[in-house]
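Asks: show me how the following folds:
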Amino acid sequence: MKNPGIQWCVNNCAVSVVERRSNQIMPPMPGIKKKRHFLSEECEPLRGDMDEVEEKSKDIINFTAEKLSVDEISKLVISPLCGAISLFVGTTRNNFEGKKVISLEYEAYLPMAENEVRKICGDIRQKWPVKHIAVFHRLGLVPVSEASIIIAISSAHRAASLEAVSYAIDTLKAKVPIWKKEIYEESSSWKRNKECFWASNN
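Replies: Residues are numbered from 1 along each chain as shown. Below you'll find the predicted structure:
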């Protein structure tokens, strides 16, 4: 049972024990110091939290021939300020219109492609309160079941990142100059995204 004669006073990380009945300050209890720095280690995270508030947003864009890792890319957008990370992962499927697909091969006009993805990131930030954005697209051969594109976006709440990821992949397919070659068992064929803005001009 709590002793009604003891009052604990905590102010600015300083601790003292007051004995009401005698109006005298009792000797320090074991393990308790009356110096202001007694709880300094406990208070330190508060300063860390203030630093986290100033964390800068990142747009990470990468076109690479290397195999893409969902774990590695999702870690790039982690933030202590966010409660959601939304992902889109596009992979090579093993069939197209009844044909067996062996792999896909991607090419891109890099200067324009990178610039267009950067614009998409800017549009997303105008539309939704997201924190970090990562867009990775693989170039060259992409075997069946491996990822050709991964988009990861973090936000404080899930609605923003979910909507932003959907917008990102739809807009990327429509505006970014990327071409893919579908390689079948006995033939191959270069394809362009049906959504791309230049497809209607041909």
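Asks: drop to CA atoms for contacts and neighbour counts, all remaining ones
Replies: Fine.
Asks: would you list every one of the helices in the chain?
Replies: 40-53, 70-75, 110-127, 158-175 (DSSP state H).
Asks: isn't residue 142 up against residue 180?
Replies: No - Residue 142 lies out of contact with residue 180 (Cα atoms under 8 Å); the separation is 10.0 Å.
Asks: which one of the helices of the chain is the most hemmed in?
Replies: The highest mean neighbour count among the helices of the chain, using mean count of other Cα atoms under 10 Å, belongs to helix 158-175: a mean of 18.
Asks: show me what that one is packed up against.
Replies: Applying 3 or more Cα pairs under 8 Å, 6 or more residues apart in numbering; DSSP states H and E, one finds that helix 158-175 contacts strand 84-91, helix 110-127, strand 147-155.
Asks: which helices and strands sit right next to the second one?
Replies: Applying 3+ Cα pairs under 8 Å, 6+ apart, we find helix 110-127 packed against strand 59-64, strand 130-138, helix 158-175.
Asks: same thing with the last one?
Replies: Using 3+ Cα pairs under 8 Å, 6+ apart as the contact criterion, the elements in contact with strand 147-155 are helix 70-75, strand 84-91, strand 130-138, helix 158-175.
Asks: confidence score at residue 99?
Replies: In this prediction, residue 99 carries a pLDDT score of 88.
Asks: poorly predicted segments of this structure, please.
Replies: In the predicted model, the chain carries pLDDT under 70 at residues 1-53, 189-202.
Asks: let's see it at 50
Replies: Scanning the chain for pLDDT under 50 picks out 1-26, 29, 31-48, 50-52, 198, 202.
Asks: re the thing from before, which one of the helices and strands packed on helix 110-127 lies closest to residue 88?
Replies: Relative to residue 88, the nearest member of the helices and strands packed on helix 110-127 by Cα to Cα is helix 158-175, separated by 6.6 Å.
Asks: and the angle for the closest one with strand 147-155?
Replies: For helix 158-175 against strand 147-155, the angle by axes from the mean of the first three to the mean of the last three Cα atoms, to 10 degrees is 140 degrees.
Asks: helix 158-175 vs strand 84-91, what angle?
Replies: Interaxial angle, helix 158-175 versus strand 84-91 (the same axes, to 10 degrees): 30 degrees.
Asks: report the contact partners of residue 68.
Replies: 136, 138, 146, 147, 148, 149, 150 (Cα atoms under 8 Å, 6 or more residues apart in numbering).
Asks: of the residues you listed - the most surrounded one?
Replies: Within the contacts of residue 68, most neighbours by other Cα atoms under 10 Å means residue 148, with 25 neighbours.
Asks: with distance to residue 175 as added columns, please give the helices and strands packed on helix 158-175 in JSON lines.
Replies: As requested, the helices and strands packed on helix 158-175 are exported to JSON lines (distance: least, Cα to Cα, whole Å):
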{"stretch": "strand 84-91", "distance to residue 175": "17"}
{"stretch": "helix 110-127", "distance to residue 175": "7"}
{"stretch": "strand 147-155", "distance to residue 175": "15"}
